[in-house]
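Chemist: next input, structure requested:
(2 chains)
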Protein chains: 2
Amino acid sequence: MHELKIFTDTPENILDSTMRASKGAFQIYKNTSPSIRKKLMYTIAEELQAKQSLLIEIAHAESHLPIDRLKQEINRTCIQLQQYADATEEGAWMQATIDNLPDPQPNLRKCLMPVGPVVVFGSSNFPFAYSTAGGDTASALAAGCSVVIKAHPAHPNTSTLVWECIVAALEKNHLPREIVQHIYGASHEVGKYLVMHENTAAIGFTGSFTGGTQLHQWAQQRPKPIPVFAEMGSVNPIILSELSLQRHANEIAEKIAQSLTLHAGQYCTNPGLLLAVESPSLGVWKERFIQAVRLTPTQKMLHRGIWDRYQTLVEERLNHPSVQTLLFSEDRVDEFAYPVLAEIHAKDFLNNSWLGEEVFGPFQMLILAKDIEELIEVYRALPGQLTTTCWIEQDEHNKFQPIFDLAILKAGRLIWRGVPTGVSVTTAMHHGGPFPVTIDGRFSSVGQDAIQRFARPVSFQNWPDQLLPEPLQAENPWKICRRVNGKWN
Amino acid sequence: MHELKIFTDTPENILDSTMRASKGAFQIYKNTSPSIRKKLMYTIAEELQAKQSLLIEIAHAESHLPIDRLKQEINRTCIQLQQYADATEEGAWMQATIDNLPDPQPNLRKCLMPVGPVVVFGSSNFPFAYSTAGGDTASALAAGCSVVIKAHPAHPNTSTLVWECIVAALEKNHLPREIVQHIYGASHEVGKYLVMHENTAAIGFTGSFTGGTQLHQWAQQRPKPIPVFAEMGSVNPIILSELSLQRHANEIAEKIAQSLTLHAGQYCTNPGLLLAVESPSLGVWKERFIQAVRLTPTQKMLHRGIWDRYQTLVEERLNHPSVQTLLFSEDRVDEFAYPVLAEIHAKDFLNNSWLGEEVFGPFQMLILAKDIEELIEVYRALPGQLTTTCWIEQDEHNKFQPIFDLAILKAGRLIWRGVPTGVSVTTAMHHGGPFPVTIDGRFSSVGQDAIQRFARPVSFQNWPDQLLPEPLQAENPWKICRRVNGKWN
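Modeler: Coordinates of the predicted model:
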C-alpha cells in the first residue's frame, strides 16, 4: 500500500515564484507548434496509462470512488487529452480568419491567441478528469497556455502523482517543466493569492457555487479583471409527462434511479428535481421508482465534509413542513451515501425557492403540479441549469412547447428521454449554463470547444507575412482549417 | 430647417412596459428565419437611404460632424446592416455543430441561440454607425434578439428619425414594432433601470470608461448577472523606429497628422500616443509632423461637454512639469477642436501612468525613450489597447520582437505601417481589446462576428428532429454553413 502523505499549503513566496516561472514558460510554450503540443498531450496520456494501477489505488484511498469508476475516469482523462490534442492540430478552434478585401481596404487576418498562465483548481469529484491533468489543463495546454494547478485538498497524493506524470511527459518532450506546475492549498488565502497574481490570465474551476463566485469576485477586483470559468452546481430538472410515465414506467424508474445514485450522486449533472403533474399514473410510477432507488448500491462519499453537508441539507429539507419524505433510511453507515426522496406541492415550492438549490449527493425532490400551467410556472421560476431533461411523448409536444422555449434560455443542454449524467466529450457538447450554474454560460468546460476559453482574438492589419503567427501565414504552415473570405476550408 | 425637439427622460413605468413588450417581441422574433431577418435589415438600410438628406441635416445640427462624413457614415451603417444580414443568412456565426457518434453515445447537436432583449446605449461620436441602427442593433437583430435603444442625449432627434426608419421597415415586413423600441435618458437612473430590469439579457455600449464600467458594475449586481459589451477608450500607441522615420518621414507625418485630427480626433481609435527612441532623425521628423498637424482642418466638437473636458484634460497635461508642449495654439474658437502635441521623457511617463489615459480629441503625447529597452518598458507598462501600430522596417524586426509579443497580449488589432483610424467592417476585424478598453476583449463590436455577442450555445441530446431549432435539423432547412463531425461544410 502506497503511503498517503500530508501536504501543507504552499507559502506565498513560492506561489509568487511559481507564477513568475509560469509566465516565463508561457513565453516559450505559446510559440510551440500544434504537433509539439499534441505530442506532449499524448505523452501525458501514456504516462497516466503506465501508472494506472498506482493512480487508481491512491485515488481510491483518497476519494472512496470505486475502482471501476476510477479506471473509466483515467481512460476518459486520456481520451480528453488525445481529443483536445487532435483538435489543436486540426486547428479550427483558432478561428483563423482571412479576408482578402479589394483595394484600398487593408489586408486583415484574425485568429485566437493564448492568453497566458492559466490557474486550474482541481475538483473533488473527478480526481482525474477534472483535476490535475483534466479538462481544464488539457484545454489550456491545447491553447498554448502554461498551467499552475492547485491540487484539490481531498486528494493531494493523487494530484501529485498525476503531476509527476505530466513532468515526465514534459521531460520526454524536452520542454521546460515550468509549463505545468503544481501547488497545494486548503485555505482561501492560497486561492485568493493565485487569482490576484498579476501573471494569472484565466481561471479554471469546478466546484461549489460559493467557491466559484468567490473566485470570480476576486477576479473582478483586480486592476485588470480576468475570466473565471467556474462550473458550479445544478439540480438538472427532469420533466415527466403522464403519458410517458404510462408508456415507459419501468425504463424511466430504472434510468433515473441509477442516474441519481451513481457514485453516491456526486455529479454536477445529478438529477435533483423531478417535475410532474399529479395523476394516478404518477402515484403508481412513484412506488416503482422508490423501489428502484432502494435497490441501488451505495458507497462512501468523497470526504467527511461532503457527507456532513449532505446530512445537514437533507435534514433541512425533510424538516420543512411542506416537504413529504418518500424515501429515507434510518439505517446508515458513517460517511456512506444514502438516497433520499422527497416531494412537495408546486405552490409550496414556489414559495420556498431555496428548495431548488443543489444538494450534492443522492437527494431528489419531486414537485407535484396540479396542471401543466403550474408545472411551467415552476420551471420558469428555476434558476439557470446545466441540463433539462424531458420525458415527453412526441405526440403531445405542443402542450410542452413553453417548456422547450424556456429550456433554451435556461439550460446548457436539453436531453430527450434520457438522464443528465454521462457527459460525452465531443465538439457538440455544451457543458455550462446560465448563472448560477456557471459564471459564463457562453463557454463549455467539456468538449473540444473548451479550448477557446483560454484564448482571445487578435487582428493583424497589413502585417508582414513572416511576422504573422503561423495560423495566419499565407502558406498555412500548420495546415490548419481556416475561414477564408467567409468560407471554412 | 427641421426643428430640433427637446426630449425628457422616459419615466420608469414606460421603461418597464418597454422591457416587457421587448420580451414579448423576442418570443416572436427569435423564431424568425434568417431570410426574414435579412429582409428586415435590408429594408432598414433602404429606409435610411431614402431619408438620407434629412438624417444628415439633423445629425449635422446635433453633432457638428461634417456633411461628407455623415454621408459616409450612413453608407457604412447601411453596409453593416446588409453585411450582418448576409452573415445571418450564411449562418456560420451560429456555429451549428453536429456530431454523429458511434453507439451507445447519444446524438449531440449544438448551436448558438439568441439570448433575449438587448439594450443598446447609442454613442455620441457615431450618430449612425454606433447608435440607433448601428453595429449593436444590427448584431442583435441578426442574432434574433429584440432591441431597446437608449438615444444618446447629444443627438435625440437624429436617433428618433433613425428609429422611425426602423419602425417603417418593421411595418413593411409585417413584424411587431416592439422588436425595436426607443427610449430617452440623460440621467444615470434610466441607464441603471434598464441594466437592472429582469428582462434585459445583454447590453451594447460605446462610450467612456466611466460609463461602461458603471453599467458593468450594475450588471454584476443583478441576481443574474448579464454581459455588458462596452467599447470604451484607448490611446492606440504608435511605435516609430528611427529607420522608418528616416525612410518615410513625409508619409508618416502626413498619415498620423490626418489620423489624429480627423473629425476633431473624436474616435476611439485616435492615435493618442507615439513611442520613439530619441535620435536626430526623430528631431527632424518632429518638426515636419508639427507642420503637418498645424495644416489640418478643424471642426466643432460633438457637444460642449466634450469640448470642456478636452480643455481640462489638455491643460492638466500641459501643466505637468515633465511635459513639454510641441503644438498649442492660443487662438481658439468656442467649441472648436484644436490639435495639441506634447512630449515627455520615458522615465517621467513611467512615473506618471495617468498620462497614458485617453484624452478624447486631437491630443497626442510623444514619449521619448533613451533606447529600445526603455521603449519596450513603456509599452509594457501601458494598459490594454484597441490597437497598436508599428512603423518599423522589416530588416530590423528582430530588435522589436518583444514589442510584437507584448502587443499580441495587450491589443485587439496590430497595424503595420498605417494608422489606427479606419476600422474595416469585415469578418477578420477584431475591434475590442483587453480591459480597460473593453469589458470583454474576447468579443468584437465591429465585423460580422459581433453577432455572436448576443447568442449563447445550447446542446440538444437525442432531441427529436422536428423539435430541434432549424439550424440543427437533419435537412438543414435554412441551408446554413454547419460543422459536421468536426468539419465545416
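Chemist: which pLDDT does the model give the closest residue to chain B within the stretch 201-350 of chain A?
Modeler: Nearest to chain B in the stretch 201-350 of chain A, going by C-beta to the nearest C-beta, is residue A:224, at a distance of 5.2 Å. Just so you know, the C-beta spots here come from the backbone N, C-alpha and C atoms, and that holds for glycine as well. With respect to pLDDT, residue A:224 scores 95.
Chemist: residues touching the residue of the stretch 251-400 of chain A at minimum distance from chain B, list them.
Modeler: In the stretch 251-400 of chain A, the residue that lies nearest chain B is residue A:394 (5.6 Å; C-beta to the nearest C-beta). Neighbouring residues of residue A:394 by C-beta atoms under 8 Å, 6 or more residues apart in numbering or on different chains: B:464, B:466-467.
Chemist: ok, residue A:171 - contacts?
Modeler: Residue A:171 makes contact with residue A:177 under the criterion C-beta under 8 Å, 6+ apart.
Chemist: quick check: next helix or strand after the helix or strand hosting it?
Modeler: Assigned by DSSP states H and E, residue A:171 belongs to helix A:156-172. For helix A:156-172, the following helix or strand on the C-terminal side (DSSP H and E) is strand A:180-184.
Chemist: and the contacts of the helix or strand just after that next one?
Modeler: The helix or strand immediately downstream of strand A:180-184 is helix A:188-196, counting by DSSP H and E. Under the contact criterion C-beta under 8 Å, 6+ apart, helix A:188-196 has outside partners A:9-10, A:12, A:15, A:19, A:119, A:121, A:148, A:150, A:183-185, A:200, A:203, A:211, A:214-215, A:218-219, A:221-222, A:226, A:228.
Chemist: cool, stretch A:465-475 as well?
Modeler: A:33, A:91, A:94, A:96, A:98, A:109-111, A:113, A:460, A:477-478, A:480, A:482, B:394, B:397, B:404, B:408, B:416.
Chemist: average model confidence for it?
Modeler: If you average the pLDDT over stretch A:465-475, you get 97.
Chemist: what comes up buried for it?
Modeler: Within stretch A:465-475, the residues that qualify as buried are A:467-473, counting by 16 or more other C-beta atoms under 10 Å in any protein chain shown.
Chemist: closest to chain B among those?
Modeler: Distances from chain B to the buried residues of stretch A:465-475, taken by C-beta to the nearest C-beta, are shortest for residue A:467, at 6.0 Å.
Chemist: which strands or helices does the lengthiest helix in chain A pack on?
Modeler: Identified as the longest helix of chain A according to DSSP state H is helix A:67-90. Here helix A:67-90 touches helix A:34-50, helix A:52-63, helix A:135-143, going by 3 or more C-beta pairs under 8 Å, 6 or more residues apart in numbering or on different chains; DSSP states H and E.
Chemist: now the residue in chain A positioned nearest to chain B: closest residue in space, sequence neighbours ignored.
Modeler: Nearest residue of chain A to chain B: residue A:488, at 3.2 Å (C-beta to the nearest C-beta). Closest residue in space to residue A:488, ignoring its immediate chain neighbours: residue B:488 at 3.2 Å, by C-beta to C-beta, 6 or more residues apart in numbering or on different chains.
Chemist: tell me which element residue A:236 falls in.
Modeler: Here residue A:236 is covered by no helix or strand, with elements defined by DSSP H and E.
Chemist: any idea how far residue A:418 is from it?
Modeler: The gap separating residue A:236 from residue A:418 is 11 Å, by C-beta to C-beta, to the nearest Å.
Chemist: where do the strands of the stretch 201-350 of chain A begin and end?
Modeler: Counting by DSSP state E, counting those that start in this stretch, the stretch 201-350 of chain A has these strands, from start to end: A:202-206, A:228-231, A:238-240, A:273-277, A:324-327, A:340-345.
Chemist: quick one: buried residues of the helix or strand containing residue A:379?
Modeler: Following DSSP H and E, one finds residue A:379 within helix A:372-381. Neighbour-count burial for helix A:372-381 flags A:372, A:374-379 (criterion: 16+ other C-beta under 10 Å).
Chemist: ditto for stretch A:247-263
Modeler: A:248-249, A:252-257, A:259-263.
Chemist: redo those residues as TSV? Include pLDDT and distance to chain B.
Modeler: Below are those laid out as TSV (pLDDT from 0 to 100; distance: C-beta to the nearest C-beta, whole Å):
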residue	pLDDT	distance to chain B
A:248	97	14
A:249	97	20
A:252	98	14
A:253	98	19
A:254	98	16
A:255	98	13
A:256	98	15
A:257	98	19
A:259	98	13
A:260	98	18
A:261	98	20
A:262	97	16
A:263	97	19
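Chemist: for those residues, which one is nearest residue A:438?
Modeler: The closest of the buried residues of stretch A:247-263 to residue A:438 turns out to be residue A:259 (C-beta to C-beta; 20.8 Å).
Chemist: now stretch A:451-461: mean pLDDT?
Modeler: Taken as a whole, stretch A:451-461 has an average pLDDT of 98.
Chemist: who are the contact partners of residue A:44?
Modeler: Going by C-beta under 8 Å, 6+ apart, residue A:44 touches A:81, A:133, A:165-166, A:169.
Chemist: ok, now with 6 Å
Modeler: A:81, A:133, A:166, A:169 (C-beta atoms under 6 Å, 6 or more residues apart in numbering or on different chains).
Chemist: and the stretch 201-350 of chain A, which residues reach chain B?
Modeler: With C-beta under 6 Å from any C-beta of the partner chain as the criterion, the stretch 201-350 of chain A meets chain B at residues A:224-225.
Chemist: all helices for the stretch 201-350 of chain A, in order.
Modeler: A:209-221, A:242-247, A:249-261, A:280-294, A:304-318, A:346-350 (DSSP state H, counting those that start in this stretch).
Chemist: and the fourth one, how far out from the chain middle?
Modeler: Spelled out, that is helix A:280-294. How far helix A:280-294 lies from its chain's middle: 31 Å, per C-alpha atoms, centre = their mean, to the nearest Å.
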